[in-house]
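Peer 1: I'd like to go over a predicted model; first the sequence, then the structure.
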Amino acid sequence: MENADLDRTNNAGQGQEMQLQEKKRRSEKSKTIILTLVLSFFIIGGLGTWGYYSLFGPNSAASIDAPSDEELTEAEKSSGTALFKPTIEVPKTEIQRRINVIHEFWNSELGYDKWSKYNIDTHTPVLKDIEIDIRNKILPYVAGPLKVDIENALSKIAKSMSSESVEPLKGVHRIFHDLDISLNGYKASDYWDVTETGKWIKEEVKE
C-alpha cells in the first residue's frame, strides 16, 4: 500500500515537473517569437525610413558645387536667360545677400524642429512683413527660373496664412535654403533640390 502511494506521488511529481518544463518551453518560444517580431519591426521600419528619405528627403549638399559669379554670368549670356535684374542701387551681390538674409530668417523661425511648434495665428504679422520684404526687395530684381522660385515662395506664404498650416512654410524655407547654396555657396549638410534655379544651373553651368 505504501509503495502504491509512493508510486502515485512520484508519478504526480513527474507530471508536475513535465508540465512546468512544457510551460517553460512555451514561455521561451513565446519570447523568441515576440523578440523576432520586434526586431523585424525595427528592421522594416528602419529600411522604410531610409527608403523614404532616399526618395523624398534632402540630398547631400557636399555634392552640390555652387558656381562662381563668372560661371553664372557666362551661363546667363550663353543661354539667353538672366537670373538677376540688378540696378545701380541694388547690384547682384546685394540681391544674393538679401536671399541669404531671408534664408537665415527662416532658419531662425523654423529651423531645429521649431516648425513643429509654429503657430500661424501668432506669427501672421511677421509673415505679412516678410512677404512684403520678399515682394519688394527681391522679386523686382530677379528673372527667369529665379523669379519662378521667388514667386513660388510667395505663393506658399500666402497659402500658409490662408490655410493656417505651417506645411507650406517648410517649402518656403527649403526654397531659400537651396537658393542660398546654389547662389551663395552656403555651407549645409543637405540640399532639397526643389528650385528651378538649381535645375537651371545643373543644365547650363555644369554641362
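Peer 2: Right, received. Where do you want to start?
Peer 1: drop to CA atoms for contacts and neighbour counts, all remaining ones
Peer 2: Fine.
Peer 1: any idea how far Leu127 is from Lys92?
Peer 2: Distance of Lys92 to Leu127, computed by CA to CA, to the nearest Å: 25 Å.
Peer 1: should've said Ala82
Peer 2: From Ala82 to Leu127 the distance is 29 Å (CA to CA).
Peer 1: quick check: which element contains Phe105?
Peer 2: helix 92-110 (DSSP states H and E).
Peer 1: show me what that helix is packed up against.
Peer 2: If you count contacts as 3 or more CA pairs under 8 Å, 6 or more residues apart in numbering; DSSP states H and E, helix 92-110 packs onto helix 167-184.
Peer 1: pairing partners for the following helix or strand past the helix it packs on, with directions?
Peer 2: Using DSSP H and E, the helix or strand that follows helix 167-184 in sequence is strand 190-191. Using DSSP bridges, the strands paired with strand 190-191 are strand 59-60 (antiparallel).
Peer 1: give me the residues contacting whichever helix or strand comes after the partner strand.
Peer 2: Per DSSP H and E, the first helix or strand lying C-terminal to strand 59-60 is helix 69-79. Applying CA atoms under 8 Å, 6 or more residues apart in numbering, the external contacts of helix 69-79 come out as Ala82, Leu83, Ile201, Glu204, Val205.
Peer 1: and the pLDDT at the second one?
Peer 2: Same thing as Leu83. Leu83 carries a pLDDT value of 97.
Peer 1: right, and it touches Ile150 too?
Peer 2: No - using CA atoms under 8 Å as the test, Leu83 is too far from Ile150 to be in contact (11.2 Å).
Peer 1: assign Ala82 to helix, strand or coil.
Peer 2: Following DSSP: H, G, I helix; E, B strand; the rest coil, the label given to Ala82 is coil.
Peer 1: from Tyr186, how far off is the closest residue to it other than its chain neighbours?
Peer 2: Of all residues not flanking Ala82 in the chain, Glu76 sits nearest, at 5.0 Å (CA to CA, 6 or more residues apart in numbering). Using CA to CA, Glu76 is found at 21 Å from Tyr186.
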